[in-house]
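Undergrad: here is the input, now give the coordinates:
(chains A and B)
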Amino acid sequence: MYNDWHKLQNRFQDDSPSMDLEKAWSSLEAERQSRENNGGANRKYYWLLLGLLLLIGSVSMYFSQDAMIQHVTTQLELDKINNPSGQTEVKAVGIDHHERKIVKAEKGIIEKPKQIEVSKNDIAGSNSNEEKLTTTSLIKEQKYTQNQNINSEALINNNTTRSINVNASNSSIVVTDEKPIAVIGITNKAVLNATNESIQENAKMSIRNVTSAYHIPFLNPSEVNKHNSNLALPSAKFDFNKEPRNALGLSFSYGLNIRALESTDNANDTWVEKRNQLEQAKDAYGVELFYQKFLTKRFFITAGLNYTRWTDQLNYEYTEERMVSVEDVVVEIKYLSDGTIEEMLGTVDGTESQDYIATVWQKQNYLSVPILFGSHFSFDQKSGVNLALGVQVPIYRTVVGRTVDRSNTDYGIELINPEIFKKNGPVQFLANVSYVQSIGKTSSFHFGLKGGFDLSSRINESEGFTQKHYGIQLSTGIAKLF
Amino acid sequence: MIEQSLIDNCKKKISSAEKELFFSTAPLVKSICRRYASNAEETQDFLQECYIQIFSKITSFDSDKGAFKSWMCKVSINTILMLLRKKKRSTQLIYVDFLPEKKEEASLLESASLDQIVAIIQKLPIGYRTVFNLAIIENWTHEDIGKELNIKASTSRSQLTRAKAMIKQKLSQQLKENYVQRLA
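TA: Prediction:
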């Protein structure tokens, strides 16, 4: 019966089933075209994603810069309700801009136009003089508009006794006096208590000089102490606790490249074993342009464009032996009886060997889009640590170099075939930890560790082996803060 | 014999050369595909995938290392095995009752046409079919089959025995039916 099966094998060697070649070719062409289109669609998708990220970044930056003006407008949104006494009751909305998170005032009363004197004695003494403490405003002829210059410098005014004039118009506050100050207070009793406590503490709570850009502070009294520190003027350094921390930066990384090469096809076992024996993952370095957007005070999202080069090294030594023939050499010497010597010439076959020692490289260049979600932990106003996790999606790759010859693993190298690498993969998992230090008010420096690993093989499945890379790199860079 | 110039043109992605290569080799590749497939439709799918792989990998073919047809067959079998691995994830291996091997007439296989045999092979459970093809047609050892299919060599042996028994039983049944039909 064995012979029967053997014969069957031979019959199959000569098997040539009939088929409609034209139809099969058309079908194949259609399939190839379809895949090419899909590949193109994928590439379009990646570029679209990148464009979208850049667009989001640009829009965020635009609104970050415009936020001051926006908040001035917000502060002036007063909800006026005329009450029977002729007073204008106002309700102030959130004052805070860019997470200055000062206040949400409940409501207050602006008497118009009426001069009110607020003195330390008034505040500290009792809460009987309620009327005097009902108003909060600025003193100076200054009209807030959307075009207000927002960069005027603020000074703390320790004077706790000021005269205050308030003019409330329809949608803006007009103040008249020499110096712009703001007095905090909303409802009579609450203001009294709040300012009283503050004055007792440091005598500068109730009246504060502010830059016009920062506050028209209708403070919720219950928030006064809580947000006292938040009312502090901006320091010379960037404040990670307060400022919006969107960043556009550049980062460099260099470090370990670890490779896992495994055979999934027994035909490749010897080759893969030889590669693992001769080749070693060398290093990886990268450069990344990133945009970081803080979603809250603590959490941020980072996206960008990353270029990484992964280098593997092949230490290649072998001795090549060649058969050589040397012609016309003396192969036999005859000593004849007459004393003469006869030399017989002939051809001698032998081997000639040559040693080769070489180091060759495989270089994989990946252009990827990293997307990370992270958290910031502040040490102080100037420094902190960022922890982030995410993925990195390759959008383009090139592979160059040489590897062990797949058909002859005894010796020999061959050019690596880039086609065996997946065009759209693999997605990498990323984990970053970095120390961040502000430099001045608008820049930061960071350094840390960056780890990542391939979530799948870099090689097409049909190749019969898998190749994954793991990396830990030191990274450092700078960023512009917004 | 495939001309080197044709292969070189295929490496340059010249469509007319690819078409010529396809026309001259498709029956050979199809003969491989249909042995591993369960029906004509799957044969067509395998054929397409094989040629997609052949055309994409043809740049790595080196004529100094062997004949093109051998290389093409190797690529095709690897491609089919890869497709079967994918398919196997969603397909449960079907175990059938052991079919005792009967002493059949030596002429049983010879008397059947290749198309008949292929039709029977296609009806085998996927695991049996793959083992049968690799062991009988491709001449792989059971150890190699075991590694490729992630099964034990002993499992490969028993599956081959069962595959052979099933083929013979089906052939016998088919021949009997044909005989009865002819008598009628």
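
Undergrad: could I get the full set of helices for chain B?
TA: B:4-11, B:15-36, B:40-57, B:68-90, B:107-111, B:114-123, B:126-132, B:142-149, B:153-183 (DSSP state H).

Undergrad: looking at the ones you listed, spot the one closest to A:S443.
TA: helix B:40-57 (47.9 Å; CB to CB). Any C-beta I mention is one placed from the backbone N, CA and C, and that applies to glycine too.

Undergrad: the closest one to helix B:15-36, inter-axis angle?
TA: Taking axes from the mean of the first three to the mean of the last three CA atoms, to 10 degrees, one finds helix B:40-57 and helix B:15-36 inclined to each other by 140 degrees.

Undergrad: just the buried residues of helix B:40-57, please?
TA: Under the neighbour-count criterion of 16 or more other CB atoms under 10 Å in any protein chain shown, helix B:40-57 has B:42-57 buried.

Undergrad: need the residues of chain A near chain B, please.
TA: Contact residues, chain A versus chain B (CB under 8 Å from any CB of the partner chain): A:1, A:3-5, A:7-9, A:11-12, A:15-19, A:21, A:24-25, A:27-28, A:31-32, A:35, A:265-267, A:269, A:406-408, A:414, A:417, A:419-420, A:461-462, A:464.

Undergrad: residues making contact with the worst-scoring helix or strand of chain B on mean pLDDT?
TA: Ranking every helix and strand in chain B by mean pLDDT, DSSP states H and E puts helix B:107-111 at the bottom, with a mean of 75. Contact with helix B:107-111 is made by A:4-5, A:7-8, B:117, B:168, B:171-172, B:175, as judged by CB atoms under 8 Å, 6 or more residues apart in numbering or on different chains.

Undergrad: right, so the helices of chain B: which one is the most enclosed?
TA: Neighbour counts (mean count of other CB atoms under 10 Å in any protein chain shown) averaged over each of the helices of chain B peak at helix B:126-132, with a mean of 23.

Undergrad: which elements pack onto that helix?
TA: In this structure, helix B:126-132 makes packing contacts with helix B:15-36, helix B:68-90, helix B:114-123, helix B:142-149, helix B:153-183, judged by 3 or more CB pairs under 8 Å, 6 or more residues apart in numbering or on different chains; DSSP states H and E.

Undergrad: quick check: which ranges of chain A have low pLDDT?
TA: Counting by pLDDT under 70, chain A contains low-confidence residues at A:1-3, A:39-44, A:58-245, A:318-322, A:354-356, A:408-411.

Undergrad: okay, now the domains of it?
TA: A:75-231, A:241-325+A:359-481 (automatic domain parsing).

Undergrad: and if you look at chain B?
TA: Split by automatic domain parsing, chain B gives B:4-90, B:107-183.

Undergrad: the longest one near chain A anywhere?
TA: Spelled out, it's domain B:4-90. Yes. Part of domain B:4-90 sits near chain A under the criterion CB under 8 Å from any CB, namely B:19, B:22-23, B:26-28, B:30-31, B:34-35, B:44, B:47-48, B:51-53, B:55-57, B:59-60, B:62, B:65-66, B:74, B:78-79, B:81-82, B:86.

Undergrad: quick revisit: which stretch among the domains of chain B comes nearest A:Q313?
TA: Comparing these by CB to CB, domain B:4-90 comes nearest, at 21.8 Å.
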